[in-house]
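S.K.: Structure for the following, please:
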Amino acid sequence: QVQLVESGGGLVQAGASLRLSCAASGRSFSNYIMGWFRQAPGKEREFVAAISRSGVSRYSADSLKGRFTISRENVKNTVYLQMNSLKPEDTAVYYCAAAASLRIGVVGDEYDYWGQGTQVTVSS
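M.R.: Predicted coordinates for the structure are as follows:
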C-alpha cells in the first residue's frame, strides 16, 4: 500500500511557474513508476507526465513538452512536477499516481495508487 499526498497547487497568473510535490509513504517508493495526471472541470482525466523508478526515463504529454518537467528524489520519497509558462488551459486538479509495473504508462488504469489531488488555477 502506498499513500500519496500532493502539495504546491494554487492560484497564479498566466506565465507564472509552479512546482507540485507528491510525498509518498508506505512501501518502497523506488519500486514504483510515478505519474502526474490532471482533470479540468467537465473534461476527462489527462496524462501529464511519468517517470521511471530510477528517474532515468521520463515521458511527457506531447502538448506539454517544454513546459512541464517531472522529476523524483527517491531518498525523499517525493516526485515533482515543475510547470513553467502556465496558461489558463492548465487549470485543473493535478493528481499524483504510482504504478507497480515494469514500464511507464500513460493511461490512468495502469496506475495502482492515487493522491487526493491539488488544485491549480491559472488566471489570464
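S.K.: Find the residue at the geometric middle of this protein.
M.R.: When C-alpha atoms, centre = their mean is applied to the chain, the residue found nearest the centroid is Trp36 (2.3 Å).
S.K.: in its sheet, what does the helix or strand containing Phe47 sit against?
M.R.: Using DSSP states H and E, Phe47 sits within strand 46-51. Strand pairing for strand 46-51, using DSSP bridges, gives strand 33-39 (antiparallel), strand 58-60 (antiparallel).
S.K.: Among those strands, which comes closest to Thr121?
M.R.: Nearest of the strands paired with strand 46-51 to Thr121, taken as C-beta to C-beta: strand 33-39 at 12.0 Å. Placement of C-beta: from N, CA and C, glycine included.
S.K.: For that closest one, the averaged confidence score.
M.R.: Across strand 33-39, pLDDT averages out at 98.
S.K.: Please shift the residue numbers so they start at 4 in all later answers.
M.R.: OK, 4 is where the count begins now, so the last one is strand 36-42.
S.K.: How about residues contacting it?
M.R.: 23, 25, 27, 48-56, 71, 73, 75, 82, 84, 93, 95-104, 106-109, 111, 114, 120, 123 (C-beta atoms under 8 Å, 6 or more residues apart in numbering).
S.K.: Show me which of these are buried.
M.R.: Neighbour-count burial (16 or more other C-beta atoms under 10 Å) applied to the contacts of strand 36-42 gives 23, 25, 27, 49-56, 71, 73, 75, 82, 84, 93, 95-102, 107-108, 111, 114, 120, 123.
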